[in-house]
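K.L.:
Show me the folded form of this:
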Amino acid sequence: MRFAASHDDPETEIAARALAGLLRERQLDRYRTWLETRTGYPRRWQEAATSNEYVIYATADELEQLNEELAALLMPRFRERYTDPSQRPPGSLPVELMTFTYPIRPPAAAGDDRARDQNDPDPPQ
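P.N.:
Next up, the predicted model:
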């Protein structure tokens, strides 16, 4: 599910933000529930489920392309399973996969070409 990032109409923007916030809270509540109950799942499910975080440096255009590529990878593979239960393999469960892509700090001022800000997260090891 994707929402438009911004709206020209201020009232629509307020309503869209409220709806997106409500949906994200529900998603995060489901994730918290998973964390609290995961030991009740078979070991195979516990090992298969992951939490990942990546910090990348990208332009807005690259980020948009990455999001499109991720959707193009996932949707063709799993779309029919969502709409047609007969396509679901035995033992399959509904799995929520969330991706959040957003800048973690505002852009540098014009002319400031610092490669890495002191507040940037450490690179992956």
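K.L.:
Okay, domains of this structure per the record?
P.N.:
With domains defined by automatic domain parsing, the chain comprises 1-50, 52-104.
K.L.:
Mind telling me which of the ones you listed the model trusts least?
P.N.:
Within the domains of the chain, confidence is poorest for domain 1-50, with a mean of 89 (mean pLDDT).
K.L.:
picking that back up, can I get the domains of the chain in JSON lines including mean neighbour count?
P.N.:
C-beta coordinates here come from the backbone N, C-alpha and C atoms, glycine included. Below are those laid out as JSON lines (neighbours: other Cβ atoms under 10 Å):
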{"stretch": "domain 1-50", "mean neighbour count": "10"}
{"stretch": "domain 52-104", "mean neighbour count": "10"}
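K.L.:
In CSV, list the ones you listed along with distance to A110.
P.N.:
As requested, the domains of the chain are exported to CSV (distance: least, Cβ to Cβ, whole Å):
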stretch, distance to A110
domain 1-50, 22
domain 52-104, 16
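K.L.:
T83 versus A109, what's the distance?
P.N.:
Here the criterion is Cβ to Cβ, to the nearest Å. By it, A109 lies 48 Å from T83.
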